[in-house]
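> attaching a predicted model along with its sequence, questions to come.
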Amino acid sequence: MNNFLDIDKTSPADLRAMIDNARAMKTARNGRPKGTPDDERPLDGHMVALIFEKPSTRTRVSFDIGVRQMGGQTMVLSGSEMQLGHGETIADTARVLSRYVDLIMIRTYEEQTLLDMAEYADVPVINGLTNRSHPCQIMADIMTFEEHRGPIAGKKVVWSGDGNNVCASFIHAAGQLGFDLTFTGPETLDPEEKFVAEARARGAAITIERDPFKAVQGADLVVTDTWVSMHDPQSARERRHNQLRGYQVNDALMAQARPDALFMHCLPAHRDDEATSSVMDGPHSVIFDEAENRLHAQKAIMRWCLGK
């Protein structure tokens, strides 16, 4: 039984196999109506629980469609419906769900909720997002880069903005897949030192550069994310805007990267805050390929978890 909890907890060989499988499944679906099932139906007869303590658009839709395309069925549960960790312990919830379903995907706030679910479940558990990491997104991002530019090993990725959970998973991936990552953002929003140290220990060059124009020089990929969460109060939003305004990805910043550099944003975006519309809709942008590839990457992750 394979849990997919974080990129740094999954071997490089398994990560590579999932990315390659995702690309193969995407190729196999070319030209087919979106509602038709795959020729292979590896999840036929399987039930997948999709748990959303935290709201979602892309994660919910892409996992639900992915399961259906592979012949399985889904049960979508919200945190309010389950009272997850309130009326019943996570451990007991995991034990009960394991009697009903073959696979659990959970999108939650606290990492400990994910870890408890994985510890006590008798079926594989997938991290759909926590406050500390977002590994499914980065698997789609790596897939997207390699579709457009070939192997990511040895390339320079620049993260501009907040060293958040998505940034953390990019740092994990640098350590596992052999590319370099430069973080540029205010010191108060640096990524976790533990993640940086672990990636460096695996041989990745992880650089902190406060000047965004220096940071993006020679970049093969420039990535950002929203500056504020939907749950942040207005005072926190204003403070973050003040901190991050100098790290907006705009045309002037992209001009410092390589001419063929790509731009990514995991969406949803606040246009003309963290990135300008001219960049998001411009020639460097692959944000909608990136969004589509969530479907294919997650299908590969589910197959790996179930040994399919």
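Okay, I see it.

> read off the pLDDT value for the residue located most distally from the centre of the chain.
Distance from the C-alpha centroid of the chain, by C-alpha atoms, centre = their mean, peaks at residue 87 (29.9 Å). Here, the pLDDT recorded for residue 87 equals 76.

> quick one: the helices in the stretch 101-250 of the chain?
Under the criterion DSSP state H, counting those that start in this stretch, the stretch 101-250 of the chain contains helices at 111-120, 135-149, 165-177, 193-201, 212-215, 234-244.

> which of those is buried the deepest?
Mean neighbour count (mean count of other C-beta atoms under 10 Å) peaks for helix 165-177 among the helices of the stretch 101-250 of the chain, with a mean of 25. The way it works is simple: take the backbone N, C-alpha and C, and place the C-beta from them, glycine included.

> what's the angle from it to helix 111-120?
Per axes from the mean of the first three to the mean of the last three C-alpha atoms, to 10 degrees, the angle that helix 165-177 makes with helix 111-120 is 50 degrees.

> helix 165-177 packs against which elements?
Helix 165-177 is packed against helix 12-29, helix 135-149, strand 156-160, strand 180-184, helix 193-201, with contacts defined by 3 or more C-beta pairs under 8 Å, 6 or more residues apart in numbering; DSSP states H and E.

> buried stuff in the helix or strand of the chain with the lowest mean pLDDT?
Across the helices and strands of the chain, mean pLDDT, DSSP states H and E gives its lowest value to helix 79-82, namely a mean of 76. By neighbour count with 16 or more other C-beta atoms under 10 Å, helix 79-82 contains the buried residues 79, 82.

> let me know the average pLDDT across the next helix or strand after that helix.
Using DSSP states H and E, the helix or strand that follows helix 79-82 in sequence is helix 90-98. In this model, helix 90-98 has an average pLDDT of 95.

> mind listing what's buried in helix 90-98?
90, 93-94, 97-98.

> equivalent analysis for stretch 27-38, please.
For stretch 27-38, the neighbour count (16+ other C-beta under 10 Å) marks 29, 38 as buried.

> just stretch 11-23 next, same as before
Quick answer for stretch 11-23 (16+ other C-beta under 10 Å): 15, 18-19, 21-23.

> if we can go back for a sec, of all the helices and strands packed on helix 165-177, which one is nearest residue 50?
Closest approach to residue 50 among the helices and strands packed on helix 165-177 is made by helix 135-149 (12.1 Å; C-beta to C-beta).
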